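**Q** Build me a structure from this.
(chains A, B and C)
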Amino acid sequence: MPRFKTIFSLISLLVVIGLVGACGDKNSAAKAEKKAAAATKSKNPDTYVHVTISDVDSLDPAWSYDTQSHMIIENIYDYLVTYKGGSVNDLEARISNKVPSQENGLLSEDGLTYTFPIRKGVKFHKGGEVTPNDVAYSLQRFMLFDRAGGPSSLLLEPITGLTTTRSKDGKPLDEAYTKVMAAVTVDGDYVVLKIHKPFSPILSILASWAPIISKEWAAAHNAWDGTKENWKKHNNPDKTAEGFHDQENGTGPFMLDRWDKKTKETVLARFDDYWRGPAKLKRAHIKSVDEFQTRKLMLAAGDADSIYADYLQQPLLKNLPGVELIDDLPRIDMNPAIFFVFKIETKGNPNVGSGKLDGKGIPANFFADINVRKGFASAFDYEGFIKDVNRGKGTRAQSFIPKGLFGYNADQAAYPYDIDAAEAFFKKAHGGVLWKKGFKFTLAYNAGNQPREVIANMIKRAVESINPKFQIDTRPIQWSTYLDLSNKSKLPMFILGWAPDYPDPHNFAFPYMHSDGNYPRLQRYKNAEADKLVTAAMTERDLEKRKAMYFRLQEIAYEDVPTLFVLNSVLYRTQRTWVKGYTYNPIHPDAPYSCPLYYLSKE
Amino acid sequence: MAKFILKRLAMLPLVLLGVTLLLFGLFNSLSPEMRASIYVKDPRQLAALDEVIRKYGLNDPFHKQYSRWIGEVLSGNLGYSETAKMPVTEAIAAFFPATIELSVMAFIPIMVLGVWLGTVSAVHRDKWIDHVSRFISITGYSLPSFVLGLLLLMVFYGMLGLFPPGRYSLASDLIIYGGNYQPYTGMVLVDSLLNGQPGVFVDALRHLVLPAASLTYITMALLVRITRSSMLEELGKDYVRTARAKGLPENIVVNVHARRNAWIPVITIASILFVQLLGGVLITETVFAYPGIGRWVAQAAVQLDIPGVMGVALLTSTLFVLGNLAADVCYALVDPRIRFQ
Amino acid sequence: MSDNFKEFAADTWKRLKRRPLSLVGLALIAGFSSVAIFAPVLAPPEKNARDYYLIPQDGYSPDPVRPSAKHFFGTTEQQFDLYYGIVWGTRTAFKIGVAVVFVSIFVGILIGGVGGYYGGWVDEVLMRFTDVIMALPSIILAVVIVTVRGPSLFNVIVALAAVSWPTYARLIRGDVLSVKQREFVLAARALGASDRRILFRHVIPNSIYPVIVVASLDTGAIVLSAAALSFLGLGAPVGYADWGQLIAMSRNWIIGASGSPLDYWHTVAFPGGAIFLFVLGWNLLGDAFRDILDPRQK
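**A** Numbering: from 1, shown residues only, chains lettered A, B, ... in the order given. From the prediction side, this is the model:
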């Protein structure tokens, strides 16, 4: 008997499964209809949900140096000035009543003194109004905070001439305090900023960094109180030591409702007393979801209003009802770039094989020979890369200054993809030994970055096809390994990129061309003329002369070929059609995915 | 029995010491630059590398770093997890209730279905029911969990819109953070009922269906297998034959006599299984964007977030020791013949 | 001995035949074995290929292309040929499964056998070490090991072996403890045989059967664990013939664009099917072994 019972129960189970399946079918039809209806109406008409891939690091404006945190900070704080609409050059006033210029007399003739008239009646989220003292304190704290690896030097350096607030052994320097306090002073309703050398991008830096905070609130929340005795305690502090880490008292259009680290979600609520009038959206959720398919499904279901997605994923976003792709948005960055190391550390380094030019490895000075660099420059299919990986979007980069930025030279020569030319260069290299013996080394890229992976494989294929004795192993490595090896100059050739802190050619020239810059330091590349030009162009106030300097720098980049620049990149934005009021400005962190939420609304 | 339990508990610190030394040693075989990578994440910060290494003492000798860490742990500070973006203790308090919820929701069907199918298989050994039930369970056991997870998402969220990923929806989110909601336990299913919010309860349940179902299907086979072989062994024993010979109805023989003794290995496996579920279902939580311990530790390990991994290791190892202890105690309760050594 | 073996083989075959499912398992493993052996014939590598395990790429386009006469199983992201990857991936799967199981058994025999045989403080130390390894969820420890050593196929094998051996050590220790009390061992000792001889000639051969059962079941599970590591980005590099890697590459394509959700079905169906059948084969086989070798169920 029990056997029949079991058979019966199994059968009934199958029947139930079948029924559920059948219902599912009907349901799906009904759901599809519902979905079509849902496609035009949002579930939460005054709440905006953005789903991205990274999460917030710290909400302290002086600590955070990553795009995700910056995106939140930008919406809860105000800056002295800001970018106008979609422009990267025109600024408009915010906490400063006017944008200082020589025409309005707020910028001194020598270009060293900026005077900011402070707007009255701007309310902080948690009470109180902005005073000139708050503004001065905001700038001072930003510079003196100076955590290791933080953004403080962006202001510290142009204003005081110091690159750090600490001595070599990590002790805070009194000199830094004196200089910072002398540079930022209050004069009645004005804040006066004196910089040590003329530096025109300073206003664009202030448009993205050092937002206005409340001095009183800061002192009450474990942050620096503005006194000389205490600044050292608050120099390079622990991440969570100060209230700014996960609380705020800004003046921006949104208040921090909560930062839910558990669900990787930041929730912003409208600040009704905002001095420019309340925002249209009531709330905004910015959430992190790693899996692309999950993000896409959320967008399709209307649970997300916009999501992060790259070009590789674009075909999967087609035909989603109620979703629009705003395409061809030019970016201001230089990513990816391919770097040659001029003096490779060969000791204990498997990436260079034998460490000699004997066909089984490469010597330390392998890339010091310009013919080798030119050979590689000619062996990369720039257009093919753009076509395949970027779906034909974007254009070939001419040099290190991206298209659309001051100093960009459309006529700058760049090496074309030409295998025959590459062969000729390789034949000349290292007195012909290279061609005879061949070489072998490892070309590394950071694991998980598909465009860089394709670049590595394309170079490998092309170069190996020139001479069977040429061997390149491509190897994905973790970011930690990457950091370690590139810092020790153990990667002969590597692929990374650069996103700017502010839209000025100096922010590209220094990291790419100056021997103290981020990359030349690792590449051990030094060109005395380039060093001089980078420094001079930084303070040059005559725009024509400045432009000429950057043109010359790009020529040097062409002559020396320390680095290959690939792409003037573009991106696209994916959002529900009911999102209104979006304006693209490449300078906003993580643009085009993020933007000032103040202008957005949903219908 | 109390003595036995105390003796086993005394082993706990030793195991924890071993586990942390092992992990710390593994991590410290990396260069300081590599361990600094969790703090230096952007090419823009490259220049600060040396200063970061100095700040976090990454260049100190091993014993110094380990004793510094253990000193902090003993004073109650597990450090700051860069992947969770919060102190480790806070992170455990945040993620662990979610994992408990998921584990329980998966554990119940695993037990019920697994034991049922296993018994059916054993009773009808080598009959088609046996083959079918074993096939069903074995296919689940043979599927990569992320493939199953993504397929489930595709059908039930993508096509039918029934069961979304994550832990709860925006509407529940607004209630939970609306001000009148007390997070007593951190477990949404429990808290929602305590707060009188059936809507949130149903919503959280909907979010749990897919990950729990996927875990059930994948893990059930283990229980089917154990129950089946254990039942077969019991059914072959003399006392069962005697019972049958006496003419006792088959279902009484199976359900009362054999199953009772077959429980012992099932309980061992079940307790180990439950601890394993609690210890982090890395892949399932990752696929369903479910904010539990597993998703956190997966990221922490890959990004070299050492305090995070160490914190989870302390938690899971403690659970493991306690889980084994619980299994042994259960043994004794089910089978009085077993004596504590 | 050979009579015994013949009898055993005949008995085994009889038992296998009774279970159609175990025959399916046997057939699957036999099928995969021949694919692995004949990989160079089934999917000839490119002429100048240095490493046969690197899947040939037909261009660099990011979009998978459906099966065609040129690519039987289609291509996945970046135009890696799925057919080639699956054929050569069979070898990788065997490599991972067999290497991990063998290393684990070896280490397990060493640690469990020595601990169980000598007992005392040796046993105590070895078993406490085993406890430490077992106290950590194996996937967490494996992830840490691969992260620290760097992702590669070899390190995946190292990590999985490092977390798999304790099961065998415990199993063998338990068996050794019971076997060593049996008469023939006691007799051998009385005759003055050395410890090592007794351990390897008498004790271990007698405790090996349960190990075989666990090992055959484990092989499938290990291949799944390796795939899980690949999913977390900790497996063989992209383009290496490894099923886990191929499935991980398909994760973005499991659901196609709206309106045509099955556009890229082949990216997940072929590697997913291969790994599923492979693991299924081992599981069915393991189940069968268990029934056959388990003396309690005769």
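**Q** and A:Val49, which of the three is it?
**A** strand (DSSP: H, G, I helix; E, B strand; the rest coil).
**Q** Closest approach to chain C from the stretch 151-300 of chain B, which residue is it?
**A** Across the stretch 151-300 of chain B, no residue is closer to chain C than B:Gly279, which sits at 3.7 Å (Cβ to the nearest Cβ). (C-beta placed from N, C-alpha, C; glycine too.)
**Q** neighbours of that residue, just the number please.
**A** The number of residues packed near B:Gly279 is 27, by other Cβ atoms under 10 Å in any protein chain shown.
**Q** and if you look at C:Ile145?
**A** By other Cβ under 10 Å, neighbour count at C:Ile145 equals 22.
**Q** Quickly find the element holding it.
**A** Using DSSP states H and E, the element containing C:Ile145 is helix C:138-149.
**Q** rewinding a little: relative to B:Ala213, how far out is the residue of the stretch 151-300 of chain B closest to chain C?
**A** 20 Å (Cβ to Cβ, to the nearest Å).
**Q** same deal with A:Gly243?
**A** Distance from A:Gly243 to B:Ala213, by Cβ to Cβ: 44 Å.
**Q** same thing with A:Asn409?
**A** The value you get for A:Asn409 to B:Ala213, if Cβ to Cβ is used, is 59 Å.
**Q** next one: stretch C:154-166 to chain centre, how far?
**A** 11 Å (Cα atoms, centre = their mean, to the nearest Å).
**Q** which sections of chain C are below the confidence cut-off?
**A** C:1-5, C:206-207, C:293-298 (pLDDT under 70).
**Q** what about the helices in it?
**A** If DSSP state H is used as the criterion, the helices of chain C fall at C:2-18, C:20-37, C:39-42, C:82-108, C:114-118, C:120-135, C:138-149, C:153-179, C:183-190, C:195-197, C:204-206, C:208-231, C:243-250, C:265-293.
**Q** quick one: the fifth one near chain B?
**A** No. Looking at helix C:114-118 against chain B by Cβ under 8 Å from any Cβ of the partner chain, there are no contacts, and the closest approach is 15.9 Å.
**Q** Which other helices and strands does that helix contact?
**A** Applying 3 or more Cβ pairs under 8 Å, 6 or more residues apart in numbering or on different chains; DSSP states H and E, we find helix C:114-118 packed against helix C:120-135, helix C:153-179.
**Q** Of all those, which one is nearest C:Gly59?
**A** Closest approach to C:Gly59 among the helices and strands packed on helix C:114-118 (Cβ to Cβ): helix C:153-179, 25.4 Å.
**Q** how about the closest one: buried residues?
**A** C:153, C:155-173, C:175-177, C:179 (16 or more other Cβ atoms under 10 Å in any protein chain shown).
**Q** again with stretch A:276-284
**A** Quick answer for stretch A:276-284 (16+ other Cβ under 10 Å): A:Ala279, A:Lys280, A:Leu281, A:Lys282, A:Arg283, A:Ala284.
**Q** Next: stretch A:423-431.
**A** Buried residues in stretch A:423-431, counted by 16+ other Cβ under 10 Å: A:Glu423, A:Phe425, A:Phe426, A:Lys428, A:Ala429, A:His430.
**Q** got the contact list for whichever strand or helix holds B:Arg54?
**A** If you go by DSSP H and E, B:Arg54 is part of helix B:49-55. For helix B:49-55, contacts defined as Cβ atoms under 8 Å, 6 or more residues apart in numbering or on different chains pick out A:148-149, A:166, A:170, A:236, A:483, A:487, B:32-33, B:36, B:39-40, B:45, B:58-59.
**Q** Can you show me the strands along chain B?
**A** B:80-81, B:86-87 (DSSP state E).
**Q** Show me what the helix holding C:Ile145 is packed up against.
**A** helix B:2-28, helix B:282-287, helix B:293-302, helix B:306-334, helix C:153-179, helix C:208-231.
**Q** now these as JSON lines including distance to chain A?
**A** Listed next are these as JSON lines, based on distance: least, Cβ to the nearest Cβ, whole Å:
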{"stretch": "helix B:2-28", "distance to chain A": "11"}
{"stretch": "helix B:282-287", "distance to chain A": "7"}
{"stretch": "helix B:293-302", "distance to chain A": "8"}
{"stretch": "helix B:306-334", "distance to chain A": "11"}
{"stretch": "helix C:153-179", "distance to chain A": "12"}
{"stretch": "helix C:208-231", "distance to chain A": "11"}
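**Q** hey, which of those is tucked in deepest?
**A** Each of the helices and strands packed on helix C:138-149 was scored by mean neighbour count; the highest is helix B:293-302, a mean of 28, by mean count of other Cβ atoms under 10 Å in any protein chain shown.
**Q** now check that helix, is it near chain C?
**A** Yes. Judged by Cβ under 8 Å from any Cβ, helix B:293-302 and chain C are in contact via B:Val297, B:Ala298, B:Ala301, B:Val302.
**Q** and A:Glu324, what helix or strand is that in?
**A** With DSSP H and E as the test, A:Glu324 turns up in strand A:323-330.
**Q** Run through who's touching the helix or strand that comes right after that strand.
**A** Sequence order places strand A:334-340 as the next helix or strand after strand A:323-330, per DSSP H and E. With contact meaning Cβ under 8 Å, 6+ apart, strand A:334-340 is reached by A:367, A:372-373, A:376, A:380, A:397, A:400-402, A:451-452, A:455, A:459, A:492-499, A:508, A:512, A:519, A:522-523, A:525, A:561-567, A:569.
**Q** any idea of the mean pLDDT in strand A:334-340?
**A** Averaging pLDDT along strand A:334-340 gives 93.
**Q** That one pairs with which strands, parallel or anti?
**A** Take DSSP bridges as the rule and strand A:334-340 pairs in its sheet with strand A:493-498 (antiparallel), strand A:563-565 (antiparallel).
**Q** At the contact with chain A, which residues of the stretch 1-150 of chain B appear?
**A** Counting by Cβ under 8 Å from any Cβ, the stretch 1-150 of chain B sits next to chain A at B:30-31, B:33-49, B:51-52, B:54-55, B:80, B:84-87, B:90-91, B:94-95, B:98, B:120, B:123-124, B:127, B:129, B:132, B:150.
**Q** looking at the strands of chain B, which is buried most?
**A** With a mean of 24, the top stretch among these by mean neighbour count (mean count of other Cβ under 10 Å) is strand B:80-81.
**Q** centre of the chain versus that strand, how much separation?
**A** 22 Å.
**Q** Then stretch B:290-307?
**A** For stretch B:290-307, the distance to the chain centre is 14 Å (Cα atoms, centre = their mean).
**Q** Was I right to think B:Val15 contacts C:Met134?
**A** No. Under the criterion of Cβ atoms under 8 Å, B:Val15 lies out of contact with C:Met134, with a separation of 9.2 Å.
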